[in-house]
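Participant: Model the following, please.
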Amino acid sequence: MTLPEGYYSKNDNKVCKLVKSLYGLKQAPRKWNEKLTNVLRDVGFVQSQCDHSLYVMDKSSVFIALLVYVDDIVITGNNDNEISRIKGLLSKSFQIKDLGVLKYFLGLEVIYDKSGICLNQRKYCLDLLAEFGYLGCKPVNTPIELSHVINKNIGDKQETLVDITSYQKLIGKLIYLSLTRPDICYAVQFLSQYMHKPCDSHLKVALRLLRYLKLSPGKGLLFKKSDCFDLTCFADSDWAKCLNTRKSVTGYYVFLGHDLISWKSKKQSTVSRSSGEAEYRAMCSATCELIWIVNLLSELKVCCKVPIQLYCDSSAAISIAANLVFHERTKHFELDLYFLREKIASGFVQTVKVDSESQLANLFTKGLSARLHELFCEKLGLVNVFKAV
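Facilitator: As a prediction, this is how the structure comes out:
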């Protein structure tokens, strides 16, 4: 902060000590989080090491989980009386407002059903369509055309957009919308690569994505009630997908029981010399995610069965993981090689061959036909609870 004139001499080297944080200062978020953490620890919560926004209380038969985003808090547990007691303790330190059963949180709508709960962003999606004037557009069946490759120089006469702010705003909102819409992740991750220098062709793909969202703005993830807590993972890659850098695209998703809990579509950081290497790197990325998920679930007192099934449609990648002799073909990605082999040898993961037609991770690495796209969305648990029966 800048001190007012006359408060100190220009030749004075003294600095001010922050005693109490003021709203608007750079230190305010850090001070707020520090105070909230101290209060929760005094109540009896333990901060998660995997996700610092998660706090867990586990005492005898009482289990309470508390999730924090700045000053918005979601609390759940197996004891209503204990939850009410914690709310009362928090009200002594902060001015809180109890909104009751969770229905809307940070743009996410929570809909309760007999079979489970559905997370969707229907209102957020409709507001996005209205903002860009696409509420009355003609919808399309896929977010991106079949086998479409996005390049920064698709045509020789392509010109950079004059107003890139609107494009950046649109892609930023689509990134947040992908929290409950994994079906648009592949298109969004490609479009986000050209945030600083987009062309007309990129804007056309982004607007096509809006037309796809118009088809079912209420689609979201359904989490069904189940006693199964087994983790399964599908990993895939599209070799040399980027025409500018020839880097491959990694795509994977993780199921907890029958529910989708994690997914990613991302361009790899290095160039792969073969499709088998690209698939192997995708399996390593998926394994890292599995390690984090297992650690997080252990803090939530959920035990996962090992080895975890890791499905891949590349026989070459599976052979590399199992065979220790392929030195000439694998020495240039030695770190990934030893990492995955170590996890396989320890019994943490088990690689399983799957047919390319049954590889659901294709949804995160390439454009699909309308039939396959809809089929894969159903298998991933994407439903539209607002659709009239």
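
Participant: Where does the prediction get shaky in the stretch 251-389 of the chain?
Facilitator: Counting by pLDDT under 70, the stretch 251-389 of the chain shows low-confidence ranges at 324-334, 388-389.

Participant: The top helix by length along the chain - contacts with which helices or strands?
Facilitator: If you go by DSSP state H, the chain has its longest helix at helix 275-299. Here helix 275-299 touches strand 54-59, strand 231-238, strand 249-256, strand 259-267, strand 308-312, helix 315-322, helix 334-345, strand 349-353, going by 3 or more C-beta pairs under 8 Å, 6 or more residues apart in numbering; DSSP states H and E. All C-beta atoms are positioned from the backbone trio N, CA, C, and that covers glycine.

Participant: Please export the C-alpha coordinates of the last one as CSV.
Facilitator: Meaning strand 349-353. Output of strand 349-353 as CSV, limited to C-alpha atoms (Å, rounded to 0.1, in the frame of the first residue of the first chain):
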residue,chain,number,x,y,z
VAL,A,349,-2.2,-50.4,-11.4
GLN,A,350,-2.8,-53.2,-13.9
THR,A,351,-2.8,-52.5,-17.7
VAL,A,352,-5.7,-54.0,-19.6
LYS,A,353,-6.1,-54.1,-23.4
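
Participant: Can you point out the buried residues in it?
Facilitator: Within strand 349-353, the residues scored as buried using 16 or more other C-beta atoms under 10 Å are Val349, Thr351.

Participant: One more: the first one?
Facilitator: In terms of neighbour count (16+ other C-beta under 10 Å), strand 54-59 has its buried residues at Leu54, Tyr55, Val56, Met57, Asp58.

Participant: all strands of the chain, in order?
Facilitator: Here the chain has its strands, by DSSP state E, at 46-47, 54-59, 62-69, 72-77, 104-105, 108-112, 116-120, 219-224, 231-238, 249-256, 259-267, 308-312, 349-353, 382-384.

Participant: Leu40 is nearest to which of the ones you listed?
Facilitator: Comparing those against Leu40 with C-beta to C-beta, the closest turns out to be strand 54-59 (5.1 Å).

Participant: which helices and strands sit right next to that closest one?
Facilitator: strand 46-47, strand 62-69, helix 275-299.

Participant: quick revisit: ok, so of the buried residues of strand 54-59, who is nearest Ala206?
Facilitator: Taking these together and measuring to Ala206 by C-beta to C-beta, the closest member is Leu54, at 33.5 Å.
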